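In: Build me a model:
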Amino acid sequence: MTNPYANKTPEKRKAIIAKSIATRKRNIAEREERKREALELRDTLICEIKNLKEELAGLQKIKIFNKAAITLTNKTLISPEEIVKSSNPWQKATGVYFLILNRKIVYVGQSVNIYGRLNDHTDKQFDSFSFIPCERNILDKLESLYIHVLQPKLNGSYSNGSVKNAPMSLKQLIGM
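Out: Numbers count the residues shown, from 1 in each chain. The predicted structure follows:
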């Protein structure tokens with residue numbers, strides 16, 4: 001066997017060795033990069049598997065509760081996503097409200113928190129309500145106009161009984 005470097009100059013031998021070393025280093029770096037990518041992929045897959053197992057456990061739990069719900073109520077449960085999707089933003093409703101009994105307006109009132117105020121009307125009989133949102137600064141005027149026009153039976157009357165009690169009289173409203 002002959003030495004392949006025997007007929008090479010020292011400079012050529014150094015160049016061949018340097019190239020060989022650079023190739024080995026590049027190969028080692030490429031193997032390390034592939035190993036790092038494989039570890040990243042493995043970690044990603046482990047995380048995905050964990051998430052899928054959690055999702056499966058949640059779906060199995062929902063399935064069990066849906067069976068119970070059907071047995072107890074003859075209805076299935078609505079998913080949290082559906083509940084959130086169909087939700088409405090909460091805000092206090094300021095305005096004039098109307099208490100209704102048998103499709104007739106029986107009381108007119110005002111509030112800066114209509115939903116809270118409705119709970120205070122345990123003394124009045126009504127089966128539904130409606131309201132008109134408005135700014136706080138016109139509540140007295142709007143309520144008074146509706147009381148004077150509608151004359152609801154549950155709004156109190158002045159002592160003479162001829163005019164319904166409203167925050168503002170007709171004279172005040174029309175500027176007489």
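
In: Quick check: phi and psi on Val106?
Out: Here is the backbone geometry of Val106 (degrees, to the nearest 10): phi -110, psi -10.

In: And the nearest residue to it once chain neighbours are set aside, which helix or strand is it part of?
Out: Sequence neighbours aside, Leu154 is the residue nearest to Val106 in space, at 4.8 Å (criterion: CB to CB, 6 or more residues apart in numbering). Quick note: C-beta positions are derived from backbone N, CA and C, even for glycine. Secondary structure from DSSP states H and E places Leu154 outside every helix and strand.

In: Name all residues that make contact with Leu154.
Out: By CB atoms under 8 Å, 6 or more residues apart in numbering, the contact set of Leu154 is Leu99, Val106, Tyr107, Lys124.

In: can you check Ala29 too?
Out: The contact partners of Ala29, by CB under 8 Å, 6+ apart, come to none.

In: Would it be right to say that it lies in a strand?
Out: No: Ala29 sits outside any strand when classified using DSSP: H, G, I helix; E, B strand; the rest coil, being helix.

In: low-confidence ranges in this protein?
Out: Along the chain, segments meeting pLDDT under 70 span 1, 158-163, 176.

In: 50 - rerun?
Out: Along the chain, the model assigns pLDDT under 50 to no residue.

In: quick one, what contacts Gly109?
Out: Residues near Gly109 by CB under 8 Å, 6+ apart: Val96, Tyr97, Leu99, Arg117, His121, Glu143.

In: Looks like the second one contacts Val112 (just checking).
Out: Just to be clear, that refers to Tyr97. No: with contact defined as CB atoms under 8 Å, Tyr97 does not reach Val112; the gap is 11.3 Å.

In: From Phe65, how far off is Thr71?
Out: For Thr71, the distance to Phe65 equals 11 Å [CB to CB, to the nearest Å].

In: When those two are compared, which one has more neighbours?
Out: Neighbour count, other CB atoms under 10 Å: between Thr71 and Phe65, Phe65 has more, with 12 against 8.
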